[in-house]
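>>> Make a model of this:
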Amino acid sequence: MAEAPKRNPNIERSANQRGAARLAAVQALYQMDVGRATLEDTLAQFGSFHLGREIEGEQYLPADADFFRQIVSGVAKHQIAIDPAVDRALAEGWPVERIDATLRAILRAAAFELLRRKDIPPRVVISEYVDVAKAFYEDDATGLVNASLDAIAREAGTDLAQSK
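Below you'll find the predicted structure:
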């Protein structure tokens, strides 16, 4: 009988911290969008108060703070290229500005990674953001996220079959 592969806690911890960073980035992007908070204020607030702490009864997982900043800052810096890519991935007549603010934050963060972070396999990005969507939605929004991100990855020229 083959022995089960041993888990590497360092890799697992890093992956969990990146997942937590993605979730926090979506929350920060939502806050910037809906609350009109500045990038600097949002990064300061999340860095000081949200990452890895308990707030109002909610436990925030320890997050990779640098990765969190890269996502939030990257979306802000590249939004002029990100939003058209998201628009093309959505159904005709439903531009990014027309969808729910939480979905908008999820799609923008994921699109940033798919378009600008070629060092992260697209399947990982898609899977992680589908999981983020599951944290906020119980309906078919996760299917929309999956299909939209798949379209963005394909448009970016990524061969999804080889990126597993």
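>>> what's the closest residue to residue 122 other than its chain neighbours sitting at in phi/psi?
Once its chain neighbours are removed from consideration, residue 122 has its nearest residue in residue 153; the separation is 4.2 Å (Cβ to Cβ, 6 or more residues apart in numbering). The way it works is simple: take the backbone N, C-alpha and C, and place the C-beta from them, glycine included. Main-chain dihedrals, residue 153, degrees, to the nearest 10: phi -60, psi -40.
>>> how much space between residue 153 and residue 39?
When Cβ to Cβ, to the nearest Å is the yardstick, residue 153 and residue 39 sit 26 Å from each other.
>>> out of those two, which sits in the more crowded spot?
Applying other Cβ atoms under 10 Å to residue 153 and residue 39 shows that residue 153 carries more neighbours, namely 24 against 16.
>>> looking at it, that one is touching residue 127, isn't it?
No - with contact taken as Cβ atoms under 8 Å, residue 153 and residue 127 are classed as non-touching, separated by 11.6 Å.
>>> Which residues belonging to the biggest helix by length in the chain are considered buried?
Within the chain, and with DSSP state H defining each element, the longest helix by residue count is helix 9-35. If you call a residue buried by 16 or more other Cβ atoms under 10 Å, then helix 9-35 has these buried ones: 17-33.
>>> Stretch 71-82 too?
By neighbour count, with 16+ other Cβ under 10 Å as the criterion, the buried positions of stretch 71-82 are 71-76, 78-79, 82.
>>> before we move on, what about stretch 116-129?
116, 121-123, 125-126, 128-129.
>>> And for stretch 108-117?
In stretch 108-117, residues buried by neighbour count (16+ other Cβ under 10 Å) are 108-116.
>>> How far does that stretch sit from its chain's centre?
Averaged C-alpha coordinates place stretch 108-117 at 8 Å from its chain's average position (Cα atoms, centre = their mean, to the nearest Å).
>>> about what we covered before: can you redo the buried residues of stretch 71-82 as TSV with distance to residue 137, pLDDT and secondary structure?
Shown next, in TSV, are the buried residues of stretch 71-82 (distance: Cβ to Cβ, whole Å; pLDDT from 0 to 100; DSSP: H, G, I helix; E, B strand; the rest coil):
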residue	distance to residue 137	pLDDT	secondary structure
71	20	96	helix
72	21	95	helix
73	26	96	helix
74	24	97	helix
75	20	97	helix
76	24	95	helix
78	25	96	helix
79	23	94	helix
82	21	96	helix
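>>> Thanks again, I'm all set now.
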